[in-house]
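# Just need the structure, nothing else, for what follows:
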Amino acid sequence: MRWLILLLLVAPASRVEWSESHEIGILLPQGWKIVQRDRGHTSFVIEGPVLGDGIPHAELHRVAASEGADLTATTTKLLESVGKRPGWSVTTRKRKRIGPWPAERVGLTFTKDGIRGRARFTVAWMGAHYFALEMSASARMFPGGTFDRMEQSLQTRWSTRTVPALGTVEVPAGWKVERDGTTLGIVAPAMGATPAKLRIGPAPEAPPRTDGTKAGPKLKLLGKTRETLETREPIRGDVRAVLIRAAGWQGVLFLADTTREDLLPVFAEILARVRTLKD
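Numbers count the residues shown, from 1 in each chain. Below you'll find the predicted structure:
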């Protein structure tokens, strides 16, 4: 029996299951099954094979967050409700990433019917919403490796938009796209008080002014990692403008200092998905 359990845990994952109402996907390991899908805020209820003293239980659901709330505040609010469960206590809390998306993971212990249990939940900002992946199981054989793989398999849909005369760019689900002539504005859903935006389109022939700028983060565009220029936005002192140019393209990214850590990797992924007409 133990060998069967080990085989189930290390077997290759089967397929991506999608919540059509929430535009979130998860890779389901062999031996695990969906028992409920797309009910209210719940994307999936998932059960695993018998392990230790019980059956592992996992849920993926969309988290209601106040307007403009950041990841830390959203995780703390959820943790407050989980912490009210009798016999539950927090053991760990740390920042993570799922691809380019920011996330926080919390570890917990609990006792139910005299049996010690463990739990984990990860809150991720993905697409246009916050999601929480929770798993609880017997402490004796908690499937930590399986939780890691399910957590890192979370994904959202991307759509392809055309940049006139240049090519295409992919945009995450729930992000707003504004067209201004030959330039696209890609606006992140609200996180914090100041919106973040990428303007991408044809590069003007005149080189950009470099007064008061410094070297910015290196970003990938058209298959190559490139240098950028960064400066403070003149109207909002807490906003930085990052400029990248390559092969007739220009991107200008506006980021607030307070959300830079969370949002920059997502915008970097958008730039990395730019394709020219000949690609």
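# helix, strand or coil for the nearest residue to V63 once chain neighbours are set aside?
Nearest non-adjacent residue to V63, counting by Cβ to Cβ, 6 or more residues apart in numbering: Y130, 4.1 Å away. In short, each C-beta sits where N, CA and C put it, glycine included. The local conformation at Y130, judged by DSSP: H, G, I helix; E, B strand; the rest coil, is strand.
# Y130: how many residues sit nearby?
The local packing of Y130 (other Cβ atoms under 10 Å) involves 24 other residues.
# how about it, what does it touch?
Contact analysis of Y130 by Cβ atoms under 8 Å, 6 or more residues apart in numbering lists 62-63, 65, 69, 71, 74, 123-124.
# Of these, which is the most crowded?
Among the contacts of Y130, A124 has the most neighbours (other Cβ under 10 Å), with 28 neighbours.
# pretty sure that one contacts Q152?
No: counting by Cβ atoms under 8 Å, A124 sits too far from Q152 to count as a contact (10.3 Å).
# Between those two, which contacts overlap?
In contact with both A124 and Q152: I98, using Cβ under 8 Å, 6+ apart.
# Help me confirm that G174 is found in a strand?
No: secondary structure of G174 (three-state DSSP): coil, not part of a strand.
# With adjacent residues omitted, what lies nearest to it?
Closest residue in space to G174, ignoring its immediate chain neighbours: A128 at 2.3 Å, by Cβ to Cβ, 6+ apart.
# For the one you found, give me its contacts.
172-175, 189.
# pLDDT score for it?
As predicted, A128 sits at a pLDDT of 91.
# how about the strands of the stretch 151-279 of the chain, start to end?
155-156, 158-163, 167-172, 176-180, 183-187, 197-202, 214-215, 219-221, 224-226, 229-232, 239-246, 249-256, 275-276 (DSSP state E, counting those that start in this stretch).
# what about the nearest residue in space to F121 that is not next to it in sequence, which helix or strand?
Leaving aside its sequence neighbours, F121 sits nearest to E134 (Cβ to Cβ, 6+ apart; 4.1 Å). Assigned by DSSP states H and E, E134 belongs to strand 129-138.
# May I have that strand exported as CSV, CA atoms only?
The C-alpha coordinates for strand 129-138 follow below in CSV (Å, rounded to 0.1, in the frame of the first residue of the first chain):
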residue,chain,number,x,y,z
HIS,A,129,-8.2,38.5,-8.8
TYR,A,130,-6.8,37.1,-5.6
PHE,A,131,-7.0,33.3,-5.3
ALA,A,132,-6.4,31.0,-2.3
LEU,A,133,-5.3,27.4,-2.7
GLU,A,134,-5.8,25.5,0.6
MET,A,135,-4.9,21.9,1.6
SER,A,136,-5.5,20.0,4.8
ALA,A,137,-4.4,16.4,5.6
SER,A,138,-3.1,14.2,8.3
